[in-house]
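Student: prediction below, plus the sequence it came from.
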Amino acid sequence: MRLFTSAALGVSLLALASASATAATPPISLSIDAGKPGATIDRHIFGQFAEHLGHGVYGGVWVGKDSSIPNTRGIRNDVVAALKAIKVPDVRWPGGCYADSYHWRDGVGPDRKTRVNTAWGNVVDPNTFGTDEYMDFINQIGSEAYVSLNIGSGTVGEAQDWMEYMTADQPTTLQQERAKNGHPAPYNVPFMGIGNESWDCGGLMTPDEYTAELRRYARFVGSYNPKEPTMKIAVGPGTDDTTWTDAVMKTWKERRGWSFDFQGLSLHSYTVYDGWPPHMPSTDFDKTAYAHVLKETLKMGPLIDKQSAVMDKYDPDKKVALVVDEWGAWLAPTPGSNPAFLMQQNTQRDAVLAALNLNIFARHADRVRMANIAQMVNVLQAMILTDGPKMVLTPTYHVFKMYVPFQDATIIPVTYDAGTYTQGDTTLPRLDAIAAKGKDGKIWLSLTNLDPDQPLEVDAAALGFKASAATGQTLTAPKVDSLNDFDHPDTVTPKPISGKLKNGAIVLTLPPASVTVVSLEP
């Protein structure tokens, strides 16, 4: 049994969901205090990740200008429209492990170089989607750029040239080359990753080896446009071991100055149950597998706490953001697909998993100020699946859309006894919740019922705010492994939900295994 604190609001919220559902479990009392605002939930925790991996870019985003699939300058119109609707704040590109094999010059200008993608399946990458196409895509969806530098097989000079090509606003040779390629105005690169997983696929470096590289890249590589500075993000840990974090943060503390600094430290953590390689099926699983995977994903909270404690030792003012720029469910590949393409289906379990992680990030908003789910289209826990001209939105996509009001909202503490749900030898909290005051001035509440069998009533008492109703959406499904496919795209979609004041409380009922987001109405 766990007690969560995130703030207190001022209204009794007894449950949320279908009018016909009758909760068979004891109600949960929830208290929100609108008078005690916390940190800002940075919109960048809702970031995305697009790697040259499988059909993540080619077929998922890029189809080419001559494709019969409707596109704008080669970029799929349907995917663009879907991503605009969830207000994607940033897209990390070109990787991932691919980034440390990527040479930017292969993908600019009229003559592109084809390369073997040695990171993912040894397939040929035509480099028709390069820097200018990526920036066009970013612009089309209304997002921002997060580029990953190649420090594994690249050089400082190559990285300098890439940043100059993208950001220079003076008539340098590289600026003129960019203009010749059709883009005279400089691009804005708000985020720059200094390598990727340098402890593994990015170079098998030791902490000392990486910090030596970090000092050089952070010193010499950055934006060439003083009006548009770049946030530099160092490679952080990929496990709960703190040795790497300690070394990088010690370097930041000892060497930080006018010539060396970085503003973010990455953290990679996937939900992988029962060892590597990932083998839990993404479809046709039972409630035991459902519980095992969610139990695993909840380890994200203690992991952030452990790594943040080391960061606090060197950075008590939290100047350096913890950037969880790879997270999500890593499951067994879809049967019949190329296993190197990391294609997996996306179910209601993934929707619940996404909500749990987003809630964890929000509760750590003072340190976690950026995150990128892996990945955006057709790879791992994707927002979107495509097959030729067909496109389908996943349950995870719908969670991100429901959570749009939490972008740049102010976290409000919520206190509740979460209760417990037990499946076999696995015990989970029954409820997970966050509250925030949105930029629209409304109080928003997210409630996730982890129990796949029973609806759940929530009795929420709000302090400092008088509510008479709650309206919003709930995402539920017939089964925990229900999914959307090209023949049945609407099996899992949000439904309207509302609650009314009754005996001093707003009464709503949460369906089993559901994610619900409502605003409290005065």
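Tutor: Nice, I can see it.

Student: C-alpha only now, for contacts and for neighbours.
Tutor: Noted.

Student: ranges for the strands of the stretch 101-250 of the chain?
Tutor: 115-117, 123-125, 144-148, 191-194, 231-234 (DSSP state E, counting those that start in this stretch).

Student: mind putting these in JSON lines, mean neighbour count and mean pLDDT included?
Tutor: Below are the strands of the stretch 101-250 of the chain laid out as JSON lines (neighbours: other CA atoms under 10 Å; pLDDT from 0 to 100):
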{"stretch": "strand 115-117", "mean neighbour count": "16", "mean pLDDT": "96"}
{"stretch": "strand 123-125", "mean neighbour count": "14", "mean pLDDT": "97"}
{"stretch": "strand 144-148", "mean neighbour count": "23", "mean pLDDT": "98"}
{"stretch": "strand 191-194", "mean neighbour count": "26", "mean pLDDT": "98"}
{"stretch": "strand 231-234", "mean neighbour count": "26", "mean pLDDT": "98"}
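
Student: out of the ones you listed, which is closest to residue 340?
Tutor: Between residue 340 and the strands of the stretch 101-250 of the chain, the shortest gap by CA to CA is with strand 123-125, which sits at 9.7 Å.

Student: got a list of contacts for the closest one?
Tutor: Contacts to strand 123-125, defined as CA atoms under 8 Å, 6 or more residues apart in numbering, come from residues 114-117.

Student: let's have those residues in JSON lines, adding distance to residue 123.
Tutor: Output for these, formatted as JSON lines (distance: CA to CA, whole Å):
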{"residue": "114", "distance to residue 123": "10"}
{"residue": "115", "distance to residue 123": "8"}
{"residue": "116", "distance to residue 123": "6"}
{"residue": "117", "distance to residue 123": "5"}
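
Student: quick one: distance of stretch 196-203 to the chain centre.
Tutor: On the basis of CA atoms, centre = their mean, to the nearest Å, stretch 196-203 sits 20 Å off its chain's mean C-alpha point.

Student: same check on stretch 225-232?
Tutor: That offset, for stretch 225-232, works out to 23 Å (CA atoms, centre = their mean).

Student: got the contact list for it?
Tutor: Applying CA under 8 Å, 6+ apart, the contact partners of stretch 225-232 are 167-169, 186, 188-194, 218, 222-223, 261-264.

Student: can you tell me which of these are in helices?
Tutor: The helices, defined by DSSP state H, take in 167, 218 from the contacts of stretch 225-232.

Student: mind giving me the PyMOL select for the contacts of stretch 225-232, buried ones only?
Tutor: Buried subset of those, written as a PyMOL selection, criterion 16 or more other CA atoms under 10 Å:
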select buried, resi 167+168+169+186+188+189+190+191+192+193+194+218+222+223+261+262+263+264
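
Student: can you pull the contacts of the residue lying closest to residue 259 once chain neighbours are set aside?
Tutor: In this structure, residue 259 finds its nearest non-sequential neighbour in residue 219, 5.6 Å apart by CA to CA, 6 or more residues apart in numbering. By CA under 8 Å, 6+ apart, the contact list for residue 219 reads 259-261.

Student: from residue 476, how far out is residue 304?
Tutor: 28 Å (CA to CA, to the nearest Å).

Student: which one of the two has more residues nearby?
Tutor: residue 476 (28 against 20; other CA atoms under 10 Å).

Student: surely that one meets residue 512?
Tutor: Yes: at 7.2 Å, residue 476 and residue 512 qualify as touching, with contact defined as CA atoms under 8 Å.

Student: now, which of the contacts of residue 219 lie within strands?
Tutor: The members of the contacts of residue 219 all map outside strands under DSSP state E.

Student: closest to residue 90 out of those residues?
Tutor: For the contacts of residue 219, the nearest to residue 90 is residue 261 (21.8 Å; CA to CA).

Student: so how far is the strand or helix carrying residue 416 off the chain centroid?
Tutor: Secondary structure assigned from DSSP states H and E places residue 416 in strand 414-417. Mean C-alpha position of strand 414-417 versus that of the full chain (CA atoms, centre = their mean) differs by 25 Å.

Student: how about whatever helix or strand comes next after that strand: buried residues?
Tutor: Tracing the chain C-terminally past strand 414-417 and defining elements by DSSP H and E, one meets strand 420-423 next. The neighbour-count check on strand 420-423 (16+ other CA under 10 Å) flags residue 421 as buried.
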